[in-house]
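let's see this in three dimensions:
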Amino acid sequence: MKITAQEENGLRILLQIALDNKNDGSTIPDISEKVGLTQHNVAKLCRVMRLANFITSTRGHTGGYMLARNADKIELSEVLTVLGGRLYDDAFCESRAGVNACCTLDTNCSVRSLWQIVQNAVDTAIRNMTLDDLVNLRVSTFEKMPVLHQLETSTKS
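Here you go, the predicted model:
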């Protein structure tokens with residue numbers, strides 16, 4: 001299981017726009033330099049996030065990208081869904097049936113159960129996190145996450 005480049009880079013771009021917090025917006029060249037991505041990739045991801053209403057754009061020599069709403073109103077789960085979708089959904093098994101029309105384990109699949117558990121853990125971990133939490137690196141927000149707390153304690157033992 002991997003976080004896609006689009007998800008990672010999209011979050012980095014959105015975070016940078018929030019950190020810049022400019023009234024006139026952050027330009028693609030400026031964002032590109034700060035996050036270390038090509039201007040082409042920044043432009044592509046900004047378009048996706050603009051269409052999803054996370055950011056707005058202003059044209060012209062003083063234009064740029066700004067958050068479409070306050071950072072505390074932009075949920076990370078929503079951003080990640082737009083950038084890459086869920087890790088597991090109902091179509092997951094259908095797309096991995098191999099040479100068959102459907103999965104051979106369709107009626108009793110423990111692998112499906114595993115992916116559902118993983119998806120639920122991810123959902124729980126990011127459900128209440130906002131862009132503002134990332135901007136302010138709110139440790140208290142991360143400490144409240146039972147999934148992350150359980151992972152931390154299990155790795156220490």
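
for this protein, what spans make up the strands?
With DSSP state E applied, the chain shows strands at 55-58, 64-67, listed in chain order.

residue contacts, the residue nearest the centre of the chain?
Averaging the C-alpha coordinates of the chain gives a centre point, and the residue nearest to it by Cα atoms, centre = their mean is L80 (2.6 Å). For L80, the contacting residues are E7, L11, I126, taking Cβ atoms under 8 Å, 6 or more residues apart in numbering as the criterion. Heads up, the C-betas are built off the backbone N, CA and C, glycines and all.

restricted to helices, list those.
When the contacts of L80 are checked against helices (DSSP state H), the matches are E7, L11, I126.

as CSV, these with pLDDT would be great.
Below are those laid out as CSV (pLDDT from 0 to 100):
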residue, pLDDT
E7, 92
L11, 94
I126, 81
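
rewinding a little: pLDDT score assigned to the residue nearest to the centre of the chain?
Per-residue confidence (pLDDT) for L80: 90.

low-confidence ranges, the chain, go.
When the per-residue scores of the chain are filtered using pLDDT under 70, the ranges that remain are 1-2, 86-108, 138-157.

50 instead?
Per-residue confidence of the chain (counting by pLDDT under 50) places no residue in a weak region.

outline the domain layout of it.
The record assigns the chain these domain ranges, following automatic domain parsing: 5-67, 86-156.

need the helices for this structure, in chain order.
Along the chain, the segments classed as helices by DSSP H run 5-20, 28-35, 39-51, 76-84, 91-94, 110-126, 131-136, 139-143, 146-156.

distance to G60 added to those, as CSV?
As requested, the helices of the chain are arranged in CSV below (distance: least, Cβ to Cβ, whole Å):
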stretch, distance to G60
helix 5-20, 17
helix 28-35, 13
helix 39-51, 16
helix 76-84, 27
helix 91-94, 42
helix 110-126, 36
helix 131-136, 26
helix 139-143, 37
helix 146-156, 43
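
lovely, talk soon.
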